[in-house]
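A.B. asks: quick one, structure for this:
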Amino acid sequence: MEKDGNLKQKKRKREKTPSSSYADGERKIIASHSFSFRIKFVWHNLRGKRPQFIIGLLLTAITSIIVIVNPYMSKILVDDVIRGGKRDMLVPVLLVMSGVVLVKTGLHMLKIVMMEQASQNMLMAIRKTIFRNIQYQEMSFFDKIKSGDIITRTTGDLEYLRHFCAWVTYVTVDMVVTFTAAVVMLVYVSPVLTLALISVLPFILLCSFIYNKKVAPLYRSIRQRLSDLNVGASENINGNRVVKAFAREEYEKEKFSHINGQYMKDNMRAAFAWQRVVPVIDFLAQILTFLTILVGGALCINGSISLGDLTLFTGLTWALSDPMRQVSNILNDMQRFSASADKVIEIYYARPLICDRHNAVDTKERFKGKVEFRNVSFSYAKGPQVLSNVSFKFYPNETIAIMGPTGSGKTTIANLIARFYDVSSGEVLIDGVDVRDRTLESIHRGVSIATQDVFLFSDTVDGNISFCNPDMELEQVYECAELACADGFIRRMPEGYNTIIGERGVGLSGGQRQRIALARAIAAIPSILILDDTTSAVDMETEKKMQYNLQHLPFHCTTIIIAQRISSVRNADKIMILENGSVTIGTHDSLARTNRYYRNVCELQKIEDLPPFEPDEANGSSPEKVKTGFDDAIATEKEVG
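C.D. replies: Next comes the predicted model:
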């Protein structure tokens, strides 16, 4: 029993390890910028609404100055009206005090409107820029930053920037102007009493400095924990079917609870740090009232100040104590702002590594469809080399099939043709021009991909198929659906082509999603059509119809088929086998006779009428020989033709 208990404990420890993947394993190091840079960032994005922002701050300053009027009116009321007997001044003094309250209320409402307009405009501008940046990022960007993290930065982190712009700046100006105006007024009345009151200020500043130094890293950790929390929730929601299929609900719940607990602990640590300093600051602020009564009373008794002056001091004590109390709140919000601003700034200024060169060619006419790899090597970031010194050519209007073991680089070739990634070395050429010398728009206009990971938008079937051209005529949409063998099941849907597809195509079978994705790729009328395992979930009869339609497309294009079914590739003009970073090119008959990998796949799928197996000397095939000889023969045939 003891051994079983230890085994369960070890198993539990192993299962807990993934729970830190969001919080620690996926942790990104966010650059810490100076506070002045963060302020410049906010100011830059206030363009267009800066006048409203400045007017809002000016109105804040005016209302802050106005607040000292009524305490001064109280001094006049005591010294001149009550003790001086000037009763005719009573009504004017009361009218002035009432007018001040009304003016202050009106200006306060106006400044709130101004600040909100400016901050909301800033929020929209930043979010718009971030979304534009995200649209043009290369694939490696999304390999590093998860969608949940991006959502956190464009929602929660941005809201802290808006809060800083609309509230923190306003409160800071109000606090500084109120404190300054009160000190000036009090110094004018009694420098001695004023000096006694502001003697508390250094102690409050010391407490604030200590607090600020302690909580700065805490708030950066909190923002990262929140990002981890959103990443965990997002991945679990997107992968809910997998979770249910493997009955891992309890495990996922425990994993999420761990992340949630870490987020709560960091928040509690920050809250406790704040609560340790707030009572001290409040206590020091309350000392002002005690000093006013003690020192002010003594000065009033010995005749240094009047009773009205003491009333003025009593009325303005809050103008000194309230800004002191707000210091901790302001610092708290500034730390939150700093942590969020760093994350927003990182993604705001992120620039794609794959972009157009200054002299890039923007070809308006269609590509002919020739694809060439010259000594291409490629590896993903911090990963092993996927392709090693690979060279081959695909000629216009050919149908090329690519096969190979998992991880051999089949999808990588598609990604390099579309320039989703750049090669580590070598060249990828389309019609003899390096893809790096073409504009990305022209490449993506001429290359269309139906990926193995089918993504459909929450839109109508029509909207998904015509995604590349929203103005596409409905008849063209029908034609593309027919070519993809999708028209039949689409018309049987409740509202046909106007049926709304759920998120990621929920409610459709895998084969139906693949056929709609194929129709979308065909609708682009590409010069190079890449089908990455597009028929893996389609039945054999439908696959035959799709193959026939792909061979008789109403436009010329080079078709590249990535598949593992022999039925999908055997009729291709070329079949390319990827193994260990190198290539072997041939036809169905030649590869079945000489290539060990292709022969094994044929036998596993029980393909009949295979020629006798005659492996070459080097492990059943010679990539260099097969590749060069076949390509030269094709090239000669093209020239003769």
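A.B. asks: what are the ranges of the strands in this protein?
C.D. replies: 371-379, 385-394, 399-403, 425-430, 433-434, 447-450, 528-532, 558-562, 574-579, 582-586 (DSSP state E).
A.B. asks: what score does residue 217 have for pLDDT?
C.D. replies: Looking at residue 217, its pLDDT stands at 74.
A.B. asks: also residue 640?
C.D. replies: Listed pLDDT for residue 640 reads 34.
A.B. asks: got it, and residue 488?
C.D. replies: Looking at residue 488, its pLDDT reads 89.
A.B. asks: for this protein, what helix or strand is lowest in average pLDDT?
C.D. replies: One helix or strand of the chain scores below all others by mean pLDDT, DSSP states H and E: helix 623-640, with a mean of 37.
A.B. asks: how does the protein divide into domains?
C.D. replies: Domain assignment of the chain by automatic domain parsing yields the ranges 34-348, 371-640.
A.B. asks: what's the biggest helix by length in the chain packed up against?
C.D. replies: Of all segments of type helix in the chain, defined using DSSP state H, the longest is helix 249-301. Counting contacts by 3 or more CB pairs under 8 Å, 6 or more residues apart in numbering; DSSP states H and E, helix 249-301 packs against helix 2-16, helix 191-198, helix 201-238, helix 307-348. All C-beta spots, glycine's among them, are computed from the backbone N, C-alpha and C.
A.B. asks: mean pLDDT for those helices: which is lowest?
C.D. replies: Ranked by mean pLDDT, the helices and strands packed on helix 249-301 end with helix 2-16 at the bottom, a mean of 40.
A.B. asks: contacts for stretch 159-166, please.
C.D. replies: For stretch 159-166, contacts defined as CB atoms under 8 Å, 6 or more residues apart in numbering pick out 42, 46, 53, 115-116, 118-120, 122-123, 126, 333-334, 336-337, 339-341, 344.
A.B. asks: filter the residues you listed down to the buried ones, PyMOL style.
C.D. replies: Paste this into PyMOL to select the buried members of those, with burial taken from 16 or more other CB atoms under 10 Å:
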select buried, resi 42+46+53+115+116+118+119+122+123+126+333+334+336+337+339+340+341+344
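A.B. asks: which one of the helices and strands packed on helix 249-301 lies closest to residue 413?
C.D. replies: Proximity to residue 413 (CB to CB) singles out helix 201-238 among the helices and strands packed on helix 249-301, at 27.0 Å.
A.B. asks: quick one: the closest one to helix 249-301, angle?
C.D. replies: Angle of helix 201-238 versus helix 249-301, following axes from the mean of the first three to the mean of the last three CA atoms, to 10 degrees, is 160 degrees.
A.B. asks: and the angle for helix 201-238 with helix 307-348?
C.D. replies: Helix 201-238 runs at 40 degrees relative to helix 307-348, counting by the same axes, to 10 degrees.
A.B. asks: how much space separates the residue most central in space within the chain from residue 429?
C.D. replies: Nearest to the mean C-alpha position of the chain, by CA atoms, centre = their mean, lies residue 150 at 2.0 Å. According to CB to CB, to the nearest Å, residue 150 and residue 429 sit 34 Å apart.
A.B. asks: just residue 243 next, same as before
C.D. replies: Per CB to CB, residue 243 is found 44 Å from residue 429.
A.B. asks: same question for residue 161.
C.D. replies: Separation of residue 161 from residue 429 (CB to CB): 45 Å.
A.B. asks: among these two, which residue is more densely surrounded?
C.D. replies: Ranked by neighbour count (other CB atoms under 10 Å), residue 161 and residue 429 place residue 161 first, with 24 against 18.
A.B. asks: extract the residue ranges of the chain that are flagged as low pLDDT.
C.D. replies: By pLDDT under 70, the low-scoring segments of the chain are 1-32, 212, 216, 238, 241, 244-245, 502-506, 581, 616-641.
A.B. asks: how far away is the spatially closest residue to residue 234 that is not a sequence neighbour from residue 237?
C.D. replies: Using CB to CB, 6 or more residues apart in numbering and skipping the chain neighbours, the partner closest in space to residue 234 is residue 148 (3.6 Å). According to CB to CB, residue 148 stands 9 Å off from residue 237.
A.B. asks: who has more neighbours, the two?
C.D. replies: Neighbour count, other CB under 10 Å: between residue 148 and residue 237, residue 148 has more, with 23 against 11.
A.B. asks: verify the stated contact: the more buried one with residue 230.
C.D. replies: Yes. The pair residue 148 / residue 230 is scored as a contact, 4.0 Å apart, by CB atoms under 8 Å.
A.B. asks: who touches both of the two?
C.D. replies: With CB under 8 Å, 6+ apart applied, the contact sets of residue 148 and residue 230 do not overlap.
A.B. asks: show me what residue 392 is bridged to.
C.D. replies: Under DSSP bridges, the beta-bridge partners of residue 392 are residue 373.
A.B. asks: ok, back up a step: out of the strands of the chain, the one nearest residue 440 is which?
C.D. replies: With CB to CB, the closest approach to residue 440 among the strands of the chain belongs to strand 447-450: 10.4 Å.
A.B. asks: parallel or antiparallel, which strands does the closest one pair with?
C.D. replies: By DSSP bridges, strand 447-450 pairs with strand 528-532 (parallel).
A.B. asks: put the alpha carbons of the partner strand into PDB.
C.D. replies: Listed next in PDB are the C-alpha coordinates belonging to strand 528-532 (Å, rounded to 0.1, in the frame of the first residue of the first chain):
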ATOM      1  CA  ILE A 528       0.200  28.000 -58.100                       C
ATOM      2  CA  LEU A 529      -2.300  25.900 -56.100                       C
ATOM      3  CA  ILE A 530      -1.000  24.000 -53.100                       C
ATOM      4  CA  LEU A 531      -3.200  21.300 -51.500                       C
ATOM      5  CA  ASP A 532      -1.700  20.300 -48.200                       C
END
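A.B. asks: run the angle between it and strand 385-394 for me.
C.D. replies: Using the same axes, to 10 degrees, the inter-axis angle of strand 528-532 relative to strand 385-394 is 140 degrees.
A.B. asks: what's next to strand 528-532, contact-wise?
C.D. replies: By CB under 8 Å, 6+ apart, the residues outside strand 528-532 that reach it are 367, 369, 371, 410-411, 414, 417-418, 430, 446-452, 518, 521-522, 550, 553, 557-563.
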